[in-house]
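Chemist: Would you be able to build a 3D model of this:
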Amino acid sequence: MWDACQKYLLHTGELHNNARMSWGKAILGWTNSPEIALQVLLDLNNRYALDGHAPPSYAGLMGCLGLFEGPKAETAVFGTVAGKGLKRKYAKLSPVLLEKVVPETASVSTMHSFFKASAH
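Modeler: Residues are numbered from 1 along each chain as shown. Predicted coordinates:
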């Protein structure tokens, strides 16, 4: 899922908010701390997103790391940042389906529609 989101961001400069949340939360599991995750997110977002460096974009990245969530129980991997739900949310999506839904030439509206539907 992350690869599909990153590929789409590279090709279009945009990610739907639901996609950006999933994309951003995944980074947290690959870094040693939320601070490092934020540095990586800022670098990727500012380099590839059309809205990089914009305050709302920055707030969205902070949301990936739990800014707008209530306190969570401490876990070994994510600390108090909620990381659950991503596997469940996208577990039913196979790589074949992702390639059909998020091809290199997918339109922004296709991506937005896909993530709006998957959010429910």
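Chemist: so where's this protein uncertain?
Modeler: For the chain, applying pLDDT under 70 flags the ranges 70-72, 75-120.
Chemist: ok, now which ones touch Leu61?
Modeler: Arg20, Gly24, Leu38, Leu41, Leu42, Asn45 (CB atoms under 8 Å, 6 or more residues apart in numbering). In short, each C-beta sits where N, CA and C put it, glycine included.
Chemist: rerun at 10 Å
Modeler: Residues near Leu61 by CB atoms under 10 Å, 6 or more residues apart in numbering: 20-21, 23-24, 27, 37-38, 40-42, 44-46, 49, 52, 67.
Chemist: ok, now Gln39?
Modeler: Shown in contact with Gln39 (CB under 10 Å, 6+ apart): Ile27, Thr31, Ser33.
Chemist: ok, how many other residues are close to the second one?
Modeler: Other residues near Thr31 come to 14 when the count uses other CB atoms under 10 Å.
Chemist: what's the nearest residue to it if we skip its chain neighbours?
Modeler: Distances taken as CB to CB, 6 or more residues apart in numbering place Ala37 nearest to Thr31, at 4.4 Å, with adjacent residues excluded.
Chemist: Help me confirm that the one you found is found in a helix?
Modeler: Yes: assigned with DSSP: H, G, I helix; E, B strand; the rest coil, Ala37 falls within a helix.
Chemist: ok, it to Thr12 distance?
Modeler: Per CB to CB, to the nearest Å, Ala37 is found 23 Å from Thr12.
Chemist: picking up where we left off before, which of the contacts of Gln39 lies at the shortest distance from Ala59?
Modeler: Ile27 (16.3 Å; CB to CB).
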